[in-house]
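In: requesting a structural model of the entry that follows:
(one chain, ligands or ions: 1)
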Amino acid sequence: MRVIALLMAAGSGSRFGAERPKQYLTLAGRPILRHAAEALLTDGGVNALLPVVAGPAEGQEAEAVLAGLPCLRAVQGGATRQASVRAGLEALASAPPDVVLVHDAARPFLPAGTVPALLRALEEFPGAIPAQPVSDTLKAGAEGRILRTVPRAGLFRAQTPQAFRFAPLLDAHRAAREEATDDAALLEAAGLPVALLPGSESNLKVTYPEDLARAEASLLPRLL
Ligand code: C5P
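Out: Sure, this is the predicted structure:
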């Protein structure tokens, strides 16, 4: 079985507010992108990475950051995450892998066993994702006031890597009419079942500067 992991790194990181996209910032001396790549590969089952980046300069930077790892030539992404994933999938379409993983380059810590569990789930389902149950109370609101409380039972926060059999994911992207913030949503829209596996609090996405501080703090015990 051939498994390729798309490493999604084409975002501008505008919410983070740094001059450089957050995936190139360093965490314990190594770029976040490198942490994400190594964690994916050491978990077992992934044959090669395909970085999806913002442009040619970032492509060179990503390839330098990922030097020595099994990595295909970087592909240029699009204006939205969905367009970036589509670009990565289309780049693979002429020699399609059996399975594709889609992972945020901004997630440096992948709990061990995540990839094997996702691949096992694909024996039964066309797609599988890790997700964490929502623990905060959820409010719908507008203009500074609460409209209502949303029951959180049965609600989950979707994480990555998300795993898919290649053909149904490519078809779902080509058929997509609306913008989705993850890939599982496109399979759902196509009426296909997606397995929900336990996620982890440690699989955090660096979105805001305080996330970088949190990530560094969680790394400290491993460095000492
Ligand atoms: O914006 P968000 O935090 O959801 O982005 C998740 C991941 O998707 C990031 O690793 C980011 O680099 C990537 N992304 C992308 N192309 C975009 C927007 C985001 O590859 N146009």
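
In: does Ala140 touch Pro151 like I think?
Out: No: the pair formed by Ala140 and Pro151 falls short of the contact definition of C-beta atoms under 8 Å, at 11.1 Å. Just so you know, the C-beta spots here come from the backbone N, C-alpha and C atoms, and that holds for glycine as well.

In: buried sites along whichever helix in the chain runs longest?
Out: Ranked by residue count and defined by DSSP state H, the top helix of the chain is helix 209-223. Buried residues in helix 209-223, defined by neighbour count with 16 or more other C-beta atoms under 10 Å: Asp211, Leu212, Ala215.

In: what distance separates that helix from the centre of its chain?
Out: Its chain's C-alpha centre and that of helix 209-223 lie 19 Å apart, by C-alpha atoms, centre = their mean, to the nearest Å.

In: establish whether it and the ligand are in contact.
Out: No: legend: contact between helix 209-223 and the ligand by C-beta under 6 Å from any ligand atom is lacking; minimum distance shown is 10.3 Å.

In: what's that helix packed up against?
Out: Under the contact definition 3 or more C-beta pairs under 8 Å, 6 or more residues apart in numbering; DSSP states H and E, helix 209-223 sits against strand 26-27.

In: please report phi then psi for the residue of the chain positioned farthest from its centre.
Out: Residue farthest from the centre of the chain, counting by C-alpha atoms, centre = their mean, is Arg145 at 32.4 Å. Taking degrees, to the nearest 10, you get phi -140, psi 150 for the backbone angles of Arg145.

In: where's it relative to Lys139, distance?
Out: Separation of Arg145 from Lys139 (C-beta to C-beta, to the nearest Å): 10 Å.

In: those residues of this protein touching the ligand, which are they?
Out: For the chain, the residues in contact with the ligand under the definition C-beta under 6 Å from any ligand atom are 8-11, 23, 52, 77-81, 84, 104-106, 205, 207.

In: got the buried residues for stretch 53-63?
Out: For stretch 53-63, the neighbour count (16+ other C-beta under 10 Å) marks Val53, Ala54, Glu58, Gly59, Glu61, Ala62, Glu63 as buried.
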